[in-house]
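A.B. asks: Sharing a model prediction with you, sequence too.
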Amino acid sequence: MDRPDKLLIPAIMTLLMAALYGCGGGNGAQVADGGIGGTGVSQGRISSFGSIFVNGIEFNTDKASFSVNNANGTQDDLAIGMVVRINGTSDQASGAGEAESVEYDSLIEGVIDSNEITFDNTLTIMDQFITVNLDTVYENHIDATLLADLPTDSVVEVSGFTDGAGAILATRIKVKSLAWAGDKLEVSGVVSDISGNRFRIGSLTIDASNALPIPPEGTFVEAEGNRFSGDVFEADSIEIEGDGSTVVADDGNEVEIEGRITVALDNNDHFTLNGQVVDASSTPFSGAANTLTVGRIVEVEGVMNGEVLLAEEIELKAEESEKGEIAGIVGVGNVDTSAGTVRLLGRTIRVDNSTIMENDLEDESTFTLAQLISSDYLEAHVFFDNGDLVAGKLELDTPPENHDAEIEGVPEFIDASTIRIFGVTVDTSGVDYSFSPERIEVEGNFVNDVLIANRISAEDDD
């Protein structure tokens with residue numbers, strides 16, 4: 001599996017978001033011991049395998065059925081970063097669950113129209129606007145082409161969180177080919193702007209002449225085909241996947257759902273998550289319109305009341321501006337499996353069931369802390385949670401050739417020859433750089449608890 005590119009976040013946005021959410025990520029208020037106690041639904045990205053880890057729960061799948069892209073499948077068809085729906089039971093206290101069924105369906109298998117990863121972390125794929133972040137998993141088994149270098153006309157499969165109207169936060173991108181050869185393509189979203197035999201999903205115009213009738217506007221569908229007429233996608237089939245409300249479970253069912261806020265909190269304390277309407281009135285987020293905003297990633301636990309999810313617990317995920325990276329050689333004695341921690345560059349980093357564990361060596365997809373050895377090179381995508389460093393994602397990767405440590409983030413301390421990022425002291429005396437409080441990347445060697453920098457670059461330098 002190929003390592004994702006470094007992500008670029010404009011410095012001014014970093015500072016603004018840090019000011020707004022300086023309290024740190026993952027500090028969502030909790031008002032009840034939520035979690036599925038009976039049969040319910042858990043929907044979110046796969047963070048690791050043993051059985052399957054989703055939303056911090058390890059689901060045993062020995063008796064589960066699997067549906068993968070609308071066909072019977074097995075657990076071997078799934079991968080880190082895929083957004084799945086699990087029907088089953090779970091217990092938050094033990095972190096264990098039993099899956100009855102696991103369903104995965106990609107949002108897009110389509111052609112890249114434009115690649116702006118280097119500039120603003122976005123792709124346009126079949127006129128759908130795709131955003132990537134530090135936790136996005138990138139898979140390319142074809143060659144060593146990085147995400148930022150994928151050419152237009154490449155075909156990729158995308159999983160993630162969608163608003164149904166053409167905006168998707170990608171949790172996983174898999175390269176299918178580097179040039180479309182007329183193979184089947186598919187795109188999912190809400191039907192809009194019906195005119196004659198045509199309609200739109202996001203900004204994509206679809207000709208349904210060979211797939212009539214067109215479902216009503218507001219219906220969530222998957223359109224498939226292998227032809228374009230100019231910029232118009234010619235669908236051979238249209239499959240209805242929902243009524244547009246994206247209701248995740250039946251009345252009375254308990255739900256755990258991770259996703260992206262698509263409609264901000266309103267005066268009735270309602271917001272929508274992946275299209276599911278959530279009532280936040282019984283949580284400390286009641287009235288917090290400036291916090292539950294469009295684009296925030298949250299995890300919600302609660303009970304369905306008709307078509308509305310009554311939230312018992314809401315957890316805010318860290319913003320991109322709050323995240324960074326610490327990378328280095330694991331070393332001897334720096335992994336504590338019982339505590340669930342790893343030390344990198346002298347900093348203790350907490351690893352839990354929600355940490356994405358991605359193995360970029362050979363063709364493996366995941367790993368555990370117990371499998372790490374002292375010579376491994378580990379990249380931790382981190383954020384602060386109540387003063388602790390937490391790994392949102394760990395990547396096991398090939399060691400760099402000209403340095404043994406890296407760090408990325410906004411410096412919290414700067415003087416003439418030293419900076420500090422995520423508590424790691426960096427000696428800058430050997431590089432020529434004019435420092436300001438912006439997001440930077442540092443490469444160097446870690447010696448005597450100090451990162452000796454041999455290269456420093458600001459995000460906008462790249």
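C.D. replies: Good, I have the coordinates. Residues are numbered from 1 along each chain as shown.
A.B. asks: So what would you say the end-to-end distance of stretch 400-409 is?
C.D. replies: One end of stretch 400-409 sits 19 Å from the other (Cα to Cα, to the nearest Å).
A.B. asks: can you pull the buried residues of it?
C.D. replies: Residues 403-409 are the ones in stretch 400-409 that count as buried (16 or more other Cβ atoms under 10 Å). Any C-beta I mention is one placed from the backbone N, CA and C, and that applies to glycine too.
A.B. asks: Pipe these into JSON lines and attach secondary structure per row.
C.D. replies: Shown next, in JSON lines, are the buried residues of stretch 400-409 (DSSP: H, G, I helix; E, B strand; the rest coil):
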{"residue": "403", "secondary structure": "coil"}
{"residue": "404", "secondary structure": "coil"}
{"residue": "405", "secondary structure": "strand"}
{"residue": "406", "secondary structure": "strand"}
{"residue": "407", "secondary structure": "strand"}
{"residue": "408", "secondary structure": "strand"}
{"residue": "409", "secondary structure": "strand"}
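A.B. asks: Helices along the stretch 51-200 of the chain, start to end?
C.D. replies: 117-120 (DSSP state H, counting those that start in this stretch).
A.B. asks: Can you tell me the centre-most residue of this protein?
C.D. replies: By Cα atoms, centre = their mean, the chain has its centre lying nearest to residue 171, at 3.5 Å.
A.B. asks: ok, that one - contacts?
C.D. replies: 45, 81-83, 135-137, 159-161 (Cβ atoms under 8 Å, 6 or more residues apart in numbering).
A.B. asks: mind checking pLDDT for the closest residue to residue 229 other than its chain neighbours?
C.D. replies: For residue 229, ignoring the flanking residues on the chain, the nearest one in space by Cβ to Cβ, 6 or more residues apart in numbering is residue 207 at 6.6 Å. Confidence at residue 207, expressed as pLDDT, is 96.
A.B. asks: Residue 207 pairs with what?
C.D. replies: Taking DSSP bridges as the rule, residue 207 bridges to residue 198, residue 234.
A.B. asks: domain assignment for the chain?
C.D. replies: Domain segmentation of the chain under automatic domain parsing yields 11-30+246-316, 40-104, 108-242, 321-461.
A.B. asks: mean pLDDT lowest for which of the ones you listed?
C.D. replies: Looking at the domains of the chain, the weakest mean confidence is domain 11-30+246-316, a mean of 77.
A.B. asks: can you give me the offset of that domain from its chain's centre?
C.D. replies: With Cα atoms, centre = their mean, to the nearest Å as the basis, domain 11-30+246-316 stands 16 Å off its chain's centre.
A.B. asks: my guess is residue 121 contacts residue 133, does it?
C.D. replies: Yes - with contact defined as Cβ atoms under 8 Å, residue 121 and residue 133 form a contacting pair (6.8 Å).
A.B. asks: out of the two, which sits in the more crowded spot?
C.D. replies: Counted by other Cβ atoms under 10 Å, residue 121 and residue 133 do not tie: residue 121 has more neighbours, with 22 against 19.
A.B. asks: Just give the nearest non-adjacent residue to residue 205, would you?
C.D. replies: Leaving aside its sequence neighbours, residue 205 sits nearest to residue 232 (Cβ to Cβ, 6+ apart; 4.9 Å).
A.B. asks: which residues does the one you found contact?
C.D. replies: Shown in contact with residue 232 (Cβ under 8 Å, 6+ apart): 198, 205-207.
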